[in-house]
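**Q** Next input, structure requested:
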Amino acid sequence: MTPLQFAEHQPDYLRTLTQSGKSAHTVAAYQRDLAQLCQLLPPDGELTRAQFIAALKKLSQQNLHPRSLARKLSAWRQYSDYLVDKGLWPHNPISSLKAPKPPERLPKAVDQETLNRLLDNKPDDETLQIRDHAIFELMYGSGLRLSEIHSLNLDSLLLDEGWVSVWGKGNKQRQVPLGRTAVAAIRAYLPQRQAAGGETALFTNRHGRRLGQRQIQNRLKAWAERQGSPQHLSPHMMRHSYASHLLQASGDIRAVQELLGHSNLSSTQIYTKLDFDHLAKVYDSTHPRAKRQK
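**A** Below you'll find the predicted structure:
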C-alpha cells in the first residue's frame, strides 16, 4: 500500500466511527492523528513498519507526552486494522508496535511534621468542623481511600477494639486499625452527627444524608488553606502520606500492602521510591561497605 492509498480511505473510516456511536470529539481526534501521520510518512513507495516507527520517533522528538504518543499510535493501529478488515491491506505492519512507556508517576506525600501540625490544631465547636476533623484523621491515620471514607456506615466502626471495617476496590472487605487520635476524633463527632430517618452513613451533611465525595474533597482543600498548609491537600495525598510514612518507619512492605488493600504488591512498591534521602540514610547506617572507619 502506498501513502496515497493509505490516506484515501480515511473519510470512509471516520464515517464508520460516527456510525458506531463515537462522539464528535473522538472522531475529530482520530482525524487529526491520522492527518498528522500522513504528513510524516514518505510521499511515495510502499509503506513499511520502519516508516511508521520513524514517524513515531519524530513525534517523540517534539517532547510529546508518552500518553499522547500512545493515543496517536492507537488511532494509527485501529485505522490499519480497518484497512485489513476491508481487504485493502494484506496485514497490519504496526499491530505489535508499542508506544514509549510513560514515566512512572510517584505519589506526592506531605512530610510528617506538616501533617501532624495541621491535624493537632483542634477544631472549633462548630459541628461540621468536628466532623471534618474526624474524616481527616481517618484519611491520614488509616490511609482510607476517598470512596472508602464516603461509604463508611456506623456499623463499620469497632471503636473499643480500635478497628474499622472497609469495603475497598473490587468489593473486597478488609479490617484497618484506627489510631488513637482517629478514635478520639470520631468519638467527639458521633454526638454531633445529624441523620435523616434511616440514614446509616457515618459521615453526613447538614441535611442528615451521606456526605458526598466532592464535598469531602472541597472541605479538605478549604481546611488546609485555613490552616496555612504550604501545599494543596487532597484525599489521595493523605493516603499516599500514610503509606509512605508507614513504610519508611516499618520497612514492612507486605503489611503496608494489606493495610492499603492493594491486590498486587507492585502497587505498593512505588512507595519504596518516594524518599531517597531516607534510603540513603538507611544504607549509610547499615551497610558494612558504607560505614566510615573510626
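
**Q** Could you use CA atoms for every contact and neighbour count after this?
**A** OK.

**Q** ok, now how distant is the residue nearest to Trp76 when sequence neighbours are not counted from Val110?
**A** Of all residues beyond its chain neighbours, the one nearest Trp76 is Leu34 (6.4 Å), with distances taken as Cα to Cα, 6 or more residues apart in numbering. Look at Leu34 and Val110: by Cα to Cα, to the nearest Å, they are 43 Å apart.

**Q** what's the answer for Pro123, then?
**A** In terms of Cα to Cα, Pro123 sits 21 Å off from Val110.

**Q** more crowded one of the two?
**A** Val110 (21 against 16; other Cα atoms under 10 Å).

**Q** Is the more buried one in a helix, a strand, or coil?
**A** Following DSSP: H, G, I helix; E, B strand; the rest coil, we place Val110 in the coil state.

**Q** pretty sure Thr181 contacts Glu137?
**A** Yes: taking contacts as Cα atoms under 8 Å, Thr181 lies within contact range of Glu137: 7.0 Å.

**Q** neighbour count winner among the two?
**A** Higher neighbour count among Thr181 and Glu137: Glu137, with 25 against 15, using other Cα under 10 Å.

**Q** Spit out the contact partners of the closest residue to that one other than its chain neighbours.
**A** Among residues not flanking Glu137 along the chain, Ala182 sits closest, at 5.0 Å (Cα to Cα, 6+ apart). Residues near Ala182 by Cα atoms under 8 Å, 6 or more residues apart in numbering: Ala134, Glu137, Leu138, Gly141.

**Q** Could you do Leu202 as well?
**A** Leu202 sits next to Leu152, Asn153, Leu154, Arg210 when contact means Cα under 8 Å, 6+ apart.

**Q** pLDDT wise, what is the residue nearest the centre of the chain at?
**A** Centroid-nearest residue in the chain, with Cα atoms, centre = their mean: His236, separated by 7.6 Å. Per-residue confidence (pLDDT) for His236: 88.

**Q** shouldn't it be in contact with Arg145?
**A** Yes: the pair His236 / Arg145 is scored as a contact, 7.0 Å apart, by Cα under 8 Å.

**Q** buried sites along the longest helix anywhere in the chain?
**A** Scanning the chain for the helix with the most residues, using DSSP state H, yields helix 66-85. For helix 66-85, the neighbour count (16 or more other Cα atoms under 10 Å) marks 66, 69-70, 72-83 as buried.

**Q** go on, stretch 108-117?
**A** Within stretch 108-117, the residues that qualify as buried are Lys108, Ala109, Val110, Leu115, counting by 16+ other Cα under 10 Å.

**Q** cool, and stretch 210-223?
**A** Arg210, Leu211, Gly212, Gln213, Ile216, Gln217, Arg219, Leu220, Lys221, Trp223.

**Q** The closest residue to the first one other than its chain neighbours: neighbour count?
**A** Spelled out, that is Arg210. In space, Arg210 comes closest to Thr204 once its chain neighbours are excluded; the distance is 4.4 Å by Cα to Cα, 6+ apart. Thr204 has 21 neighbouring residues, counting by other Cα under 10 Å.

**Q** pLDDT at Thr204, what is it?
**A** Looking at Thr204, the pLDDT reads 96.

**Q** do the same with Thr26
**A** 91.

**Q** From the contact counts, what lies against the helix or strand harbouring it?
**A** According to DSSP states H and E, Thr26 maps onto helix 24-40. With contacts defined as 3 or more Cα pairs under 8 Å, 6 or more residues apart in numbering; DSSP states H and E, helix 24-40 has these neighbours: helix 10-19, helix 49-60, helix 66-85.

**Q** mind listing what's buried in the first one?
**A** The one in question is helix 10-19. Buried positions in helix 10-19, judged by neighbour count with 16+ other Cα under 10 Å: Gln10, Tyr13, Leu14, Leu17.

**Q** I'd assumed Val27 was in contact with the last one.
**A** Yes: applying Cα under 8 Å as the test, Leu17 and Val27 come out as touching, 6.6 Å apart.

**Q** hang on, the earlier thing: let me know the closest of the buried residues of stretch 108-117 to Leu247.
**A** Nearest to Leu247 among the buried residues of stretch 108-117 is Ala109, at 12.2 Å by Cα to Cα.

**Q** In contact with the closest one, which residues?
**A** Met237, Met238, His240, Ser241, Ser244.

**Q** burial count for the last one?
**A** The burial metric for Ser244, expressed as a neighbour count using other Cα under 10 Å, is 26.

**Q** would it count as being in a helix?
**A** Yes: assessed by three-state DSSP, Ser244 belongs to a helix.

**Q** where does it land on pLDDT?
**A** Here, the pLDDT recorded for Ser244 equals 80.
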